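> Next come a sequence and a model predicted from it.
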Amino acid sequence: MKTGARLLIEGLQREGAETIFGYPGGSVLPIYDELYDTPIRHILVRHEQAAAHAADGYARASGRVGVCLATSGPGACNLVTGIATAYMDSVPMVAITGQVPTSMLGNDAFQESDITGITMPITKHNYLVKHAGDLPQVVRDAFYIAGTGRQGPVLIDIPKDVMTAQLEETPLVGTARLRGYQPTYEGHALQIEKAVGLITEADRPILYVGGGVIASGASGEVRRLAELMLIPITTTLMGLGAVPCDHPLNLGMIGMHGTEAANYAVTECDLLIAVGVRFDDRVTGKIDAFAPNARIIHIDIDPAEIGKNRPVDVPIVGDATSVLQGVIRRLVRKDGRDGWLDRVRRWKESGIAGGEASDALSPAYIIREMSDLLGETGIIVTEVGQNQMWAAQHYCFRRPRTWISSGGLGTMGYGFPAAIGAHFARPEETVVDVAGDGSFQMNIQELGTVVQYDVPVKVVILNNMYLGMVRQWQELFYDRRYSYTELPPVDFVGIARAYGVDGMQVEEKADVRTALKTAFETEGPFVLDFRIEREANVFPMVPAGAAINEMIGRRQG
Amino acid sequence: MKAHTLQVLVENRAGVLSRVAGLFSRRGFNIESLTVGTCEEPGMSRMTIVVLGDDAEVEQVKKQLNKLIDVIKVSDITERSTVDRELALIKVSADTGDSRAEVMQIANIFRAQIIDVGTRSVILEVTGDTEKIDALEILLRQYGIKEFVRTGKIALLRGSKGTKGQK
Ligand SMILES: Cc1ncc(C[n+]2csc(CCOP(=O)(O)OP(=O)(O)O)c2C)c(N)n1
Ligand SMILES: [Mg+2]
């Protein structure tokens, strides 16, 4: 005899889930009772939102499916922001929620919420399991859906009586049986042929690569294509780390806070090779002025992204790695684009000459020192706002999956719990949460989790005592009317200490390096509260609705 | 904007209708009509959806529908040779002898059945393509339409070809 809860746990083990993040409650007691003596490690967070973000960070750092667990009603609802965050960034995740017993479904029972209804638009798929015997196959299918094709979150909602139901026989589990879901991995040969033709003909090609390249593990292919045909590369925010920042062909990030080189080059290119990207508005700015003279090759595993925001000349549905391999195999090296490469190089050089060195404690300086100290190691997770953009601009990413940030949803409070998840996926790495004072306070309670499990995450707060990114927009576009964006000072080190975490407040530029070193050399978690220039801005910047070559401001030193 | 007819084969599971309907409202697609019912395949249902939009929009609709795990196949049958039908029930005022006779005459021409006769109104049942039902509605307006309900379009490809199978 086996219970539904037992079948669920066996299913999780069968899928290789070794760490899950969760928070208990009445409707999931049978699952927690099973967890009590299984080899699956369960991390007790302090808020269900953090469970979802931690599962997400775990998935992004490892490439495996992250798992979170919550009780019905409020527990399930607290997962919602985390699920939406994962959905927008195509992160593989399985979220498991308890539900009121089947006999009470739809009756507004205590702690009932229609979580499958609520999460329908923010999951790749979801299940309300009504029979314990279905659980093994549902778990198999859920992991398969979450982790294949364009990845994403899948939710499994399990009523309490389904968890406690006793089954005489253990149902057999087959391979995932989904007649309505067959992702395409191989690119169409004819389309690949056409792409090869365009790449060979082009005079001013650019590679525009994003999160799909990281998800597919296609960094090597992107680099090989770029080096073979001498094509400059720009990455989206989600694509950071796909190509080393200091690779000679890498122009840096594109978009609203992208580099001049990337934004100018895309505006002037005659061929845009878009790989694993979705022409997001934060990237394209005014869409009609985005790569206006270019023919476009768009490679993506999700057919619905191709042609969604911009018509393309050569659509290729498939996995980035396999499609790029096909393209590279058919290409013959081409030189003679010196003029284009020279132009791009000049943009790149003039963009780097940043502001003059000052004694102020600038966020850029902190990030660069951190980059220098961590070198080839380290995973950088971020919150949202200026802190996120400074980290993106000034840290030198060299490897895929070392940059973890909420791109599509822009979720404040994401970074700290996601950093905890990243640690469990890659315990050998130094994991840093680059935080804002506002964002950190959205999930600051996870200091408790960090202490309980001795998670050596380093929190680097770029503390400007403002909701800085919003303040920046108020400064630039609302006549400096700082409406409700000032935050009173908080003694973050004091809070950390109260939880049992060590920390340090830093006010002088001269102390930055020692402080960072202390944090990195400390064995456990550490909180660094950097009191930065309060009104530093993120530049360059493309104002909302402008073309991406209409940037204001220069990169600040 | 043009009306496109999509035939969508879906898993016959709880929630599938709200997944499809939710997708339309969330992405701002215009639905003209949607019908759903079981079909010849066990465990599947067939939906006929009429959407308004230009070709690019409808292409997006198709791709988004295909992303739903419970959607097995989407076919745009707008430009193909189909038979399509709607059923309508129309309650028309007919209190004078003259109007009653006229309504019955019109019903006759449209091959509509009178399925209920009251002292002051009659109910007509008519099947046909969308245009026929629209035409009948317009003709009956002068007598006073009290209530009007229609099923929305269902359609099948002509000949032995079908829209079954894998997507
Ligand atoms: C949950 C959530 N609420 C509101 C916002 C809008 N928002 C974007 S950036 C930002 C300010 C963030 O402040 P802080 O964390 O201090 O970062 P800073 O910009 O100062 O570096 C706000 C409020 C958001 N992205 N997420
Ligand atoms: Mg701030």
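All right, it came through fine. This is a predicted model, so every value here is computed, not measured. Ligands and ions are numbered 1, 2, ... in the order given.
> hey, let's count contacts and neighbours off CA atoms from now on
Fine.
> For chain A, what is the nearest residue in chain B?
Closest contact between chain B and chain A, by Cα to the nearest Cα, is at B:I72 (4.0 Å).
> what secondary structure does that residue sit in?
Here B:I72 takes the strand state, with states given by DSSP: H, G, I helix; E, B strand; the rest coil.
> Show me what from the stretch 351-500 of chain A comes close to ligand 2.
For the stretch 351-500 of chain A, the residues in contact with ligand 2 (Cα under 5 Å from the ion) are A:G436, A:D437, A:N464, A:Y466, A:L467, A:G468.
> Secondary structure, neighbour count and distance to B:S81 added to these, as JSON lines?
Putting those into JSON lines (DSSP: H, G, I helix; E, B strand; the rest coil; neighbours: other Cα atoms under 10 Å in any protein chain shown; distance: Cα to Cα, whole Å) gives the following:
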{"residue": "A:G436", "secondary structure": "strand", "neighbour count": "31", "distance to B:S81": "61"}
{"residue": "A:D437", "secondary structure": "helix", "neighbour count": "26", "distance to B:S81": "63"}
{"residue": "A:N464", "secondary structure": "coil", "neighbour count": "25", "distance to B:S81": "66"}
{"residue": "A:Y466", "secondary structure": "strand", "neighbour count": "21", "distance to B:S81": "63"}
{"residue": "A:L467", "secondary structure": "coil", "neighbour count": "21", "distance to B:S81": "60"}
{"residue": "A:G468", "secondary structure": "helix", "neighbour count": "27", "distance to B:S81": "60"}
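> In a markdown table, list those along with pLDDT.
Shown next, in a markdown table, are these (pLDDT from 0 to 100):
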| residue | pLDDT |
| --- | --- |
| A:G436 | 98 |
| A:D437 | 98 |
| A:N464 | 98 |
| A:Y466 | 98 |
| A:L467 | 98 |
| A:G468 | 98 |
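> Could you dump the residues you listed into JSON lines and include distance to B:T78?
Formatted as JSON lines, those follow (distance: Cα to Cα, whole Å):
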{"residue": "A:G436", "distance to B:T78": "53"}
{"residue": "A:D437", "distance to B:T78": "56"}
{"residue": "A:N464", "distance to B:T78": "58"}
{"residue": "A:Y466", "distance to B:T78": "56"}
{"residue": "A:L467", "distance to B:T78": "52"}
{"residue": "A:G468", "distance to B:T78": "52"}
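> List just the nearest of these to B:V36.
Closest to B:V36 out of these is A:L467 (49.5 Å), distances taken as Cα to Cα.
> can you tell me how far the closest residue to the closest one other than its chain neighbours sits from A:M389?
Leaving aside its chain neighbours, A:L467 sits nearest to A:T485 (5.1 Å; criterion: Cα to Cα, 6 or more residues apart in numbering or on different chains). Per Cα to Cα, to the nearest Å, A:T485 is found 18 Å from A:M389.
> Who has more neighbours out of the two?
Per other Cα atoms under 10 Å in any protein chain shown, whichever of A:T485 and A:M389 has more neighbours is A:M389, with 22 against 17.
> residues contacting the residue nearest to A:L467?
A:Y466, A:L467, A:G468, A:V470, A:R471 (Cα atoms under 8 Å, 6 or more residues apart in numbering or on different chains).
> ditto for B:G15
Not one residue lies near B:G15 by Cα under 8 Å, 6+ apart.
> A:K509 and A:G494, how far apart?
22 Å.
> same thing with A:T102?
Taking Cα to Cα, one finds A:T102 at 47 Å from A:G494.
> Spell out which residues of chain B are next to chain A.
Applying Cα under 8 Å from any Cα of the partner chain, we find that chain B lies next to chain A at B:19, B:22-23, B:26, B:60, B:63-64, B:66-73, B:166-167.
> Beyond the longest strand seen in chain B, next helix or strand please.
The single longest strand within chain B, with elements called by DSSP state E, is strand B:82-93. Going down the chain from strand B:82-93, the next helix or strand is helix B:97-109, by DSSP states H and E.
> what comes up buried for that following helix?
Residues of helix B:97-109 classed as buried under the neighbour-count rule (16 or more other Cα atoms under 10 Å in any protein chain shown) are B:S99, B:R100, B:V103, B:M104, B:A107.
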